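Peer 1: here's my sequence, what's the structure:
(chains A, B, C and D)
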Amino acid sequence: MEYKIIPSVCSYCGTGCGVLFKVMNGRLVGTLPNKTHPVNEGGLCIKGWNLHEYVNSFLRLTSPLVKVKGRFHKATWDEAIQVAADHFTSIVEKYGPDSVGVLVSAKMTNEENFLAQKFARAVIGTNNVDHCARL
Amino acid sequence: MREQIRSWLESGEMDAFLGFKEVEGHPIPHLFSKANLAELEGLIVNAPRYPLETLVAEMLQSQPGMKLGVLGDETTRRALNVLSIWNQVSPESVRVIDPDQFAPEEKGARKVFRVSEPGPVKLERGIDNRLGVDAIQALDGDDRVRRWMYEFQKCIKCYGCRNICPVCFCKECSLEHQDLISTGTVLTEVPIFHLVRAVHMAGRCIDCGMCEQACPADIPLRLLYRKVNSIVMELFDYENGLSSDQPPLSVLGEKVVLELKPIH
Amino acid sequence: MKAEPFEPKILAFFCNWCTYGAADLAGVSRLQYPPNVRPIRVMCSATVSPHHVLRAFQSGADGVLVGGCHVGDCHYIYGNYMTIKRIRFLQELLEFVGLGERLHLEWISSAEAQKFVQVVTEFTLKIKELGPSPLTVLSKGLPAMALSSPPPRENARAAVG
Amino acid sequence: MTNSIGEIEDAACVFIIGSNTTACHPLIARRVYKAKEKGAKLIIADPRRIQLSRFADLSVTHRLGSDTALLNGMMHVILRNGWHDLGYIEKRTEGFDELSKTVEAYTPDRVEAITGVAAGDIERMAELYARNRPAAILYTMGITQHATGVDNVKSCANLAMLCGNVGVPSSGVNPLRGQNNVQGACDMGGLPNVLPGYQPVTDPNVIDTFSKAWGKALPNKIGMTIPEMITAIGDGRLKALYVIGENPKMSEPDRIHLDHALKKLDFLLAQDLFLSETAQVADVVFAASSVAEKDGTFTNTERRCLRINKAIEPIGNSLPDWEIICRLSTAMGYPMEYENPEAIFEEVRRLAPRLYGGMTYARLGIDGLMWPCPTIDHPGTPYVHKDAFARGKGKFHAIEYLAPVEGPDEEYPFFLTTGRMFCHYHTGTMTRVSPHLDAEQKRGYVDIHPSDAERIGVKNGDMLLISSRRGQIEAPARIRDNVNPGTLFAPMHFGGRPANVLTSSKAFDPIVKIPEFKVSAVKVEKLVEG
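Peer 2: Purely as a prediction, here's the structure:
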């Protein structure tokens, strides 16, 4: 029996409530509020209480997908990354870096946003970076 | 206390012990086991109450027959009794370790959860969470209903009171029954949402107070359920967590001892 | 503005085997009783869950009346053992949140048409005295409810003490 | 937010405009309840009657899109009565004269005509706000999602500065950010005009620093925003789009127009947890990991940088977003190698030192730190603009009221506004799959006022056809008096009944390009009985 309680932060809105993930034998089984957290002081809303449910959803993507002739096929990471890299490279060569846009996400971490915009600016070479702060 | 738990874990008398560990200044529930005995040094007892009983039930359902220790007190024992009456845990699998049984130098002071001072508006329109059942009963009926409805209206429908409750375990919950309580609006139906929950607390609530602590709107739920407990005590002579029978509203009973209430 | 006289809405759950029969008998015997009661026939008063009673109040009932067989006469032997537990419990709980006395339970056998009339009449009278359910009153004025008519000062102090 | 969440509790007045706080930020609403119970005055201005309205000292429902007029009206009353803080204005602000000249024309009577709020209520709002200090303003998308979004925000700032309510504890201008890391995405340079730490791409020194750090010459031309990108796709200027954790097909206005545009792309790469509406039309989809499956940091609405911790291994064959980006970048000939997110965070610290310089994973702990936190011994900043504004003096902007781009007319007689509900989040990809949340509300709906419903003969649950100039959706009616007569409300979360079919992409703020989600003109027909 392995049972862990991992402190984390709710990813459902900008409030940033402290949550505790309940992990049993490597599976996320529930969410509790962090009772001593400065933001939420032990409370959560209906979304926060059910934070683990979307993580465990059977609808989650479990593999990268590549569309061939209008249908998705499961691919390995190496294949999928290569397909994407080839497309970006050829489009940048043909139309220039400003023909590519990158939408970063208000739902991923700071580190990932940092890398995503770094990817756009340093790898592609464009400032066409935006996210849904307006929405 | 640490030594005692260490020896239990080492001897196999206990497969694991559920207590608290300090993580970056926060007491976080933690499962200590033989595999990580060194972690016992970080065991702390001064923590706000978490529903450890629920974790215990989850673990035992996943691995029946496991022998568990859990940091707790009288309330924990009562919660486990209720769960065992409802066949959620087998009592012989769990041992409650009360830090009060040990010498004071071995344990930290139990931190009482912050009770916020009610503001003047709450005193005027709502209900002071610190009040007792009698103080509410001293109010006249109209005033009582107005105050309760004020409190219930603040509900943001997080279901936190139910989710954190150590004795709430039903897979299907009446609060989510769409024919009973309408869904889809943040102002839940007042007062049925809270009264349905109160009805379900009859014969169960062990007065741990976690519902109220989890309530983002500070509704005096503990007070409401205390009244439920006292009704159950007065009418049925049943004390949740101490009586070992099925709760009175779940069984028919052998005879009728109650009298009808007259109209006037 | 002079309001119309208050006619309470009373929801009644009557056991098929006794109280409903009493109501029937009362009708056949042309006994007069107030028309405020909306009866629902149930197979046993024990099928009336606290949820049903609460739902009735939530939906705007001013009073709820439950009628069952006398103890010992239950068609299902022990059904009404449950009824009285539930209703007594609920009566106390409703009292605590200020809705007390609007829920009533009575044992009425199918022969007791007179008692049926008497209970319905007395209960209707009582609800008339109590006035409309505070829930319906409050729900009409909901937006400003939290602010309207703060309770008298003495009460506020009593609440603190 | 200029101030922190906890400070709201101690405000003497809380003014909420354009935010349904209990539904969208429930744990911030907790602080509003507390403030109210401690005796704070609560003012709500919202086109809908929201839950908090019942606890308000004054609650007004102004016409959609009339926020600037309402705020100008309040300022007019404040100035006329001399309730403004002259000392503060002289010491810390500029542009006061223009402002006072502009708001002079916004007499309560005129504002009543524009907003539908009684003149007496405007007077009372002004009095409650100005005479109970400190006063905090809370707003959300109800202020910003307008063609006059920037004007609305500036008007809020004007009002706050007029009464000396910026740079003071428990006061301020507090936008409640909708998504968990909007703040962080902005901080990290997820915008076309700034690099991490809000350093402009047009500043040669900035470009120089970052070019050196990243070993690559960087572009210094401001890029395109999302609406501009969509236009550019239509024109054939934008050929490829990399969409990470977003669902523009649901979140962008004028869905039908957008659908056509996306088809023109040569290459669409989506990275998501689910096969969202957008991912379904992508060429390649990367399976990303959720919040529980990775380490990292989020920055919440009060600028507090908080750590998330990996609880479980990534589900299936998914990968955390940072690993995917590293691998993609490496495959394109720019090796990105980081041992873990902490290594990335160290780079953030170095490159955005003014905001994040003093933060380390060890220091963040569970409580987090609020930026600006420039040095390792800096305690973080609960409220900003303490002694001086970031730009030196706070600037008043004289704002004239502009009507929304689209108003009801003969053909489309109803106002439509959109927003969130309490149990769903954004485009619903994360909440519609959650059994407990889905149980609360399974399908889209439209709120309609009883009087309107009666006029067109609609009962609760009847299917309605709502059409705008862009398109039409079908949705069941929910009869509620929390909307004003003549106004409809549709939640934004439901893929089967996408409210963004109706909204306009032509109406957006000229400066920040935010679409006018909150106001569209529609007509309503009854389809079938429910």
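Peer 1: distance of the closest residue to chain B within the stretch 251-400 of chain D from A:Glu93?
Peer 2: Residue nearest to chain B within the stretch 251-400 of chain D (Cβ to the nearest Cβ): D:Gly365, separated by 3.7 Å. In this view, the C-beta of every residue, glycine as well, is placed from N, C-alpha and C. Spatial separation of D:Gly365 from A:Glu93 under the definition Cβ to Cβ, to the nearest Å is 47 Å.
Peer 1: do D:Asp187 as well
Peer 2: 33 Å.
Peer 1: the two - which one has more neighbours?
Peer 2: D:Asp187 (25 against 9; other Cβ atoms under 10 Å in any protein chain shown).
Peer 1: how many neighbouring residues does the residue lying closest to the residue of the stretch 251-400 of chain D closest to chain B once chain neighbours are set aside have?
Peer 2: Spatial nearest neighbour of D:Gly365, chain neighbours left out: B:Glu24 (3.7 Å); criterion: Cβ to Cβ, 6 or more residues apart in numbering or on different chains. Per other Cβ under 10 Å, the neighbour tally for B:Glu24 reads 13.
Peer 1: what ranges does the stretch 51-200 of chain B have for its strands?
Peer 2: B:68-71, B:94-97 (DSSP state E, counting those that start in this stretch).
Peer 1: could you say which of those is packed most deeply?
Peer 2: Among these, ranked by average contacts under mean count of other Cβ atoms under 10 Å in any protein chain shown, first place goes to strand B:68-71 (a mean of 24).
Peer 1: ok, the nearest residue to D:Lys393 once chain neighbours are set aside - how many residues close by?
Peer 2: Counting by Cβ to Cβ, 6+ apart, D:Glu94 is the residue found nearest to D:Lys393 once chain neighbours are left out, at 4.6 Å. Neighbourhood size, D:Glu94 [other Cβ under 10 Å]: 16.
Peer 1: bridged to D:Glu94, which residues?
Peer 2: Beta-bridge pairing of D:Glu94, defined through DSSP bridges, involves D:Lys395.
Peer 1: for it, what are its contacts?
Peer 2: When contacts are counted by Cβ atoms under 8 Å, 6 or more residues apart in numbering or on different chains, D:Glu94 touches D:Lys393, D:Gly394, D:Lys395, D:Phe396.
Peer 1: ditto for D:Asp452
Peer 2: Contacts were defined as Cβ under 8 Å, 6+ apart; by that measure D:Asp452 touches D:Phe414, D:Val458, D:Pro485, D:Gly486, D:Val524.
Peer 1: distance-wise, check the fourth one relative to A:Met108.
Peer 2: In this case it means D:Gly486. Counting by Cβ to Cβ, the gap between D:Gly486 and A:Met108 amounts to 40 Å.
Peer 1: tell me the pLDDT of D:Ala453.
Peer 2: D:Ala453 is assigned 92 on the pLDDT scale.
Peer 1: circling back to that earlier point, make JSON lines from the contacts of D:Glu94 and add pLDDT to it.
Peer 2: Output for those, formatted as JSON lines (pLDDT from 0 to 100):
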{"residue": "D:Lys393", "pLDDT": "90"}
{"residue": "D:Gly394", "pLDDT": "91"}
{"residue": "D:Lys395", "pLDDT": "93"}
{"residue": "D:Phe396", "pLDDT": "94"}
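Peer 1: report the buried members of those.
Peer 2: Burial by neighbour count, judged by 16 or more other Cβ atoms under 10 Å in any protein chain shown, picks out D:Gly394, D:Lys395, D:Phe396 from the contacts of D:Glu94.
Peer 1: which of the three states applies to the spatially closest residue to D:Leu162 that is not a sequence neighbour?
Peer 2: Spatial nearest neighbour of D:Leu162, chain neighbours left out: D:His84 (4.8 Å); criterion: Cβ to Cβ, 6+ apart. Remark: D:His84 carries the secondary structure label coil [criterion: DSSP: H, G, I helix; E, B strand; the rest coil].
Peer 1: ok, now how distant is D:His84 from D:Phe96?
Peer 2: 9 Å.
Peer 1: A:Gly30 falls within a strand, correct?
Peer 2: Yes. Counting by three-state DSSP, A:Gly30 falls inside a strand.
Peer 1: that one reaches A:Lys22, doesn't it?
Peer 2: Yes. Checked against Cβ atoms under 8 Å, the pair A:Gly30 and A:Lys22 is within contact range at 4.1 Å.
Peer 1: common neighbours of those two, please.
Peer 2: Listed contacts common to A:Gly30 and A:Lys22 are A:His52, B:Glu58; contacts here mean Cβ under 8 Å, 6+ apart.
Peer 1: let me know whether the helix or strand where D:Ile233 lies sits next to chain A.
Peer 2: Secondary structure here is read from DSSP states H and E; on that basis D:Ile233 sits in helix D:226-235. Yes. Interface with chain A: helix D:226-235 contributes D:Ile226, D:Met229, D:Ala232 (Cβ under 8 Å from any Cβ of the partner chain).
Peer 1: contacting residues around that helix?
Peer 2: Helix D:226-235 is touched from outside by A:101, A:103, A:128, A:130-132, A:134, D:224, D:238, D:241, D:248, D:252, D:257-258, D:260-262, D:264-265, D:505, D:508, D:513, D:515, with contacts defined as Cβ under 8 Å, 6+ apart.
Peer 1: any idea how far chain A is from the most centrally placed residue in chain D?
Peer 2: Chain D has D:Met141 as the residue nearest its centroid, 4.3 Å off, counting by Cα atoms, centre = their mean. The gap separating D:Met141 from chain A is 8 Å, by Cβ to the nearest Cβ, to the nearest Å.
Peer 1: just B:Ile44 next, same as before
Peer 2: Between B:Ile44 and chain A the computed distance is 12 Å (Cβ to the nearest Cβ).
Peer 1: equivalent analysis for D:Phe389, please.
Peer 2: Taken as Cβ to the nearest Cβ, the spacing of D:Phe389 relative to chain A amounts to 22 Å.
Peer 1: touching, that residue and D:Gly172? I think so.
Peer 2: No. In this structure, D:Phe389 sits apart from D:Gly172 without contact. The criterion is Cβ under 8 Å, and the distance is 12.0 Å.
Peer 1: between the two, what contacts are shared?
Peer 2: With the criterion set as Cβ under 8 Å, 6+ apart, the overlap between the contacts of D:Phe389 and D:Gly172 is D:Val166.
Peer 1: between those two, which has more neighbouring residues?
Peer 2: Each of D:Phe389 and D:Gly172 had its neighbours counted (other Cβ under 10 Å), and the higher figure belongs to D:Gly172 (27 against 17).
Peer 1: how about that one, what does it touch?
Peer 2: Contacts of D:Gly172 were listed using Cβ under 8 Å, 6+ apart, and they are D:Met1, D:Thr2, D:Asn3, D:Glu7, D:Ala136, D:Ile137, D:Ala160, D:Asn165, D:Val166, D:Tyr383.
Peer 1: check C:Pro34 too.
Peer 2: Taking Cβ under 8 Å, 6+ apart as the definition of contact, the neighbours of C:Pro34 are C:Val120, C:Thr121, C:Thr124, C:Leu125.
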